[in-house]
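**Student:** sharing a model prediction with you, sequence too.
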2 protein chains.
Amino acid sequence: MSAASTPSPPSRPGPPSPPGPRSAATTGRGRPPKLDQVRTVEVALALLDDVGLDGLTMRRLAEAMDVRAGALYRYFATKHELLTAMAEVLLADCLDRPLRSPDWSERLAELARRMRTALLARRDGARVYAGTHAVGGHTLGFADALIGVLREAGFAAEDAGRAAFTVTHFTLGHTLEEQAARQGAEPGPVDPERLRAAVTPGQYPHLAAALPVLTSTDFTAQFEFGLGLLLQGLRALAPGTTPVESGNTPPESGG
Amino acid sequence: MSAASTPSPPSRPGPPSPPGPRSAATTGRGRPPKLDQVRTVEVALALLDDVGLDGLTMRRLAEAMDVRAGALYRYFATKHELLTAMAEVLLADCLDRPLRSPDWSERLAELARRMRTALLARRDGARVYAGTHAVGGHTLGFADALIGVLREAGFAAEDAGRAAFTVTHFTLGHTLEEQAARQGAEPGPVDPERLRAAVTPGQYPHLAAALPVLTSTDFTAQFEFGLGLLLQGLRALAPGTTPVESGNTPPESGG
DNA sequence: ACCTGAACACCGTTCAAGT
DNA sequence: ACCTGAACACCGTTCAAGT
């Protein structure tokens, strides 16, 4: 809602693509198109929630939009391009409200939590995100915010970039596993059952000892633990860490 | 090679599966089968390197084994089950040599590095691993080793389990992105080019400042940075950290 | 016991032709 | 300009029938 920018420019640069459909009427002549990029992505995301990534086909999406499958290819050159547009929208709400905490590590944590929440909000969201490389406004804006928090904390651009990668990769890996565990991993029976059966205490003593936490469904606690480790490591690495009191104004007050 | 254990027991427990093919001759009567689980997984991994995960179909695998596609279903109930067996073999070499370092955090790092190396060793290895939930000997053994290192360092089983998850999720997320970046993300042009084009310094000042590291191809440095953050966080959390000297014997010398 | 042949119910993608 | 109809070249999976 509100002032969310469109996920990608309407006219694609590549020569093999058709003229360039906008999100609404193009010329004003003739009847309005039944399809457009924005609505197609919306319907695709709704369908994703219904049938999952493996069930999301161009034919089913076309049916949901009351159109033949071939018509979709006027707006997305490939299914992968559609998935990329979907991934872009997944992150749409991550920056819709300000980061209030004065503590940079808390602001960083908040961004990571928002990313996890955004991916969890739709069925197979993490898989969609992992399978694409969106470079739209939401994705780039999120990455910019992540690096921005770190640079304002005094990190050099290089370390800030690396740390942002680390946080993103951990969040993606965690959410991928969480989402797989939450819905029984596509086919077959539930995971903890198989794990319990496979872990023979004699062969895997440490695994057996940790079995309660390994089969726990408190994924938030798991995520916070990992995030805490990363933040702890970052704090130890942070430049100019005056141990306590003050130290709130960023070194560059440019932005 | 050597004494690598078979990835999974030959007879499957589920009632809807056929009798139970072993890896070689079953009765000794009749001509030997053209297929078996172990060889099928080997050929599938070789085919994966050739054609990638998206090109790996049951029909192509069957062709590579000089058999019709239907025959594969005597050994694997679904394609997903085959992929799970492949994922299991991916980690086969992770524990084939001892962890020599006396420093627990270095042993943990070594395990994470071996996991990354194992996933990178085959095309789309990280995607195969992420898409499955193997519970075979190699996967469980690796998890047991990870938790074991942490418990020997004095961590309680619960924290050890959570930390093992964190390391695994980071490694998976990183390797997924690394492997995607290494081969131009399936279709389309290379990523850094699109990223450079999309990052307008005015809109994304922090992204622009970090662009060199974001488009760097030194993935090992990136991985080591993230791993270092995690280890730093773990060291700060480690119980009974006698700063230097001795402290090598695990709290329980049972196993 | 193990595999073939043939089918079922789908896929993503292309493109002439209609309107 | 936008969509349909119809096809192309595939998929995963099942299962009677052969040997």
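**Tutor:** Right, received. Where do you want to start?

**Student:** low pLDDT regions in the stretch 101-250 of chain A?
**Tutor:** Under the criterion pLDDT under 70, the flagged ranges of the stretch 101-250 of chain A are A:185-190, A:241-250.

**Student:** give me that answer again for 50
**Tutor:** Along the stretch 101-250 of chain A, segments meeting pLDDT under 50 span A:186-188, A:242-250.

**Student:** all the helices of it, in order from the start?
**Tutor:** A:104-120, A:125-130, A:137-152, A:157-182, A:191-198, A:205-209, A:211-214, A:219-237 (DSSP state H, counting those that start in this stretch).

**Student:** which other helices and strands contact the fourth one?
**Tutor:** Secondary-structure packing of helix A:157-182 (3 or more C-beta pairs under 8 Å, 6 or more residues apart in numbering or on different chains; DSSP states H and E): helix A:104-120, helix A:125-130, helix A:137-152, helix A:219-237, helix B:157-182, helix B:205-209, helix B:211-214, helix B:219-237. All C-beta spots, glycine's among them, are computed from the backbone N, C-alpha and C.

**Student:** ok so, going back, I'd like to know which of the helices of the stretch 101-250 of chain A lies nearest to B:Tyr204.
**Tutor:** Of all the helices of the stretch 101-250 of chain A, helix A:137-152 sits nearest to B:Tyr204, with 4.3 Å by C-beta to C-beta.

**Student:** outside of that closest one itself, list whatever touches it.
**Tutor:** Outside of helix A:137-152, the residues within contact range by C-beta atoms under 8 Å, 6 or more residues apart in numbering or on different chains are A:4-5, A:7, A:87-92, A:94-95, A:99, A:104, A:107-108, A:111, A:115, A:157, A:159-161, A:163-164, A:167-168, A:234, A:250-252, A:255, B:198-199, B:203-207, B:209-210, B:214.

**Student:** report how many residues lie close to A:Phe142.
**Tutor:** 21 (other C-beta atoms under 10 Å in any protein chain shown).

**Student:** checking the closest residue to A:Asp66 other than its chain neighbours next. Helix, strand or coil?
**Tutor:** Sequence neighbours aside, A:Lys34 is the residue nearest to A:Asp66 in space, at 6.9 Å (criterion: C-beta to C-beta, 6 or more residues apart in numbering or on different chains). Here A:Lys34 is coil, with the state taken from DSSP: H, G, I helix; E, B strand; the rest coil.

**Student:** my read is that A:Lys34 contacts A:Arg68, right?
**Tutor:** No: when contacts are counted by C-beta atoms under 8 Å, A:Lys34 is not listed as touching A:Arg68 (10.5 Å).

**Student:** return the residue of chain A that is most distant from the centre.
**Tutor:** Distance from the C-alpha centroid of chain A peaks at A:Gly202, with 39.8 Å (C-alpha atoms, centre = their mean).

**Student:** which phi and psi does that one have?
**Tutor:** Backbone torsions of A:Gly202, given as degrees, to the nearest 10, read phi -60, psi -50.

**Student:** and it, what does it touch?
**Tutor:** Going by C-beta under 8 Å, 6+ apart, A:Gly202 touches no other residue.

**Student:** separation between it and A:Ala208?
**Tutor:** 9 Å (C-beta to C-beta, to the nearest Å).

**Student:** OK, contacts around the residue nearest to the spatial centre of chain A?
**Tutor:** Nearest residue to the geometric centre of chain A (C-alpha atoms, centre = their mean): A:Leu119, 4.7 Å. Each residue near A:Leu119 by C-beta under 8 Å, 6+ apart is listed here: A:Leu90, A:Gly125, A:Ala126, A:Tyr129, A:Thr171, A:Leu172, A:Thr175, A:Gln179.

**Student:** at 7 Å instead, please
**Tutor:** The contact partners of A:Leu119, by C-beta atoms under 7 Å, 6 or more residues apart in numbering or on different chains, come to A:Leu90, A:Gly125, A:Ala126, A:Tyr129, A:Thr175.

**Student:** in this structure the third one contacts A:Thr175, no?
**Tutor:** Yes: here A:Ala126 lies in contact with A:Thr175, judged by C-beta atoms under 7 Å, at a distance of 4.2 Å.

**Student:** of these two, who's got more company?
**Tutor:** Remark: of A:Ala126 and A:Thr175, A:Ala126 carries more neighbours, 28 against 25, as counted by other C-beta under 10 Å.

**Student:** how much space between the more buried one and B:Gly131?
**Tutor:** Distance, A:Ala126 to B:Gly131, using C-beta to C-beta: 12 Å.

**Student:** and if you look at A:Gly125?
**Tutor:** Distance, A:Gly125 to B:Gly131, by C-beta to C-beta: 15 Å.

**Student:** higher neighbour count, those two?
**Tutor:** Neighbour totals were compared for A:Gly125 and B:Gly131, and A:Gly125 leads with 25 against 19 (other C-beta under 10 Å).

**Student:** residue contacts, that one?
**Tutor:** Going by C-beta under 7 Å, 6+ apart, A:Gly125 touches A:Leu90, A:Leu119, A:Gln179.

**Student:** not counting sequence-adjacent ones, nearest residue to the second one?
**Tutor:** Across the structure, with C-beta to C-beta, 6+ apart as the measure, the residue nearest A:Leu119 apart from its sequence neighbours is A:Gly125 (4.1 Å).

**Student:** got it, and the last one?
**Tutor:** Computed as C-beta to C-beta, 6+ apart, the closest residue to A:Gln179 that is not its neighbour in sequence is A:Ala126, at 4.9 Å.
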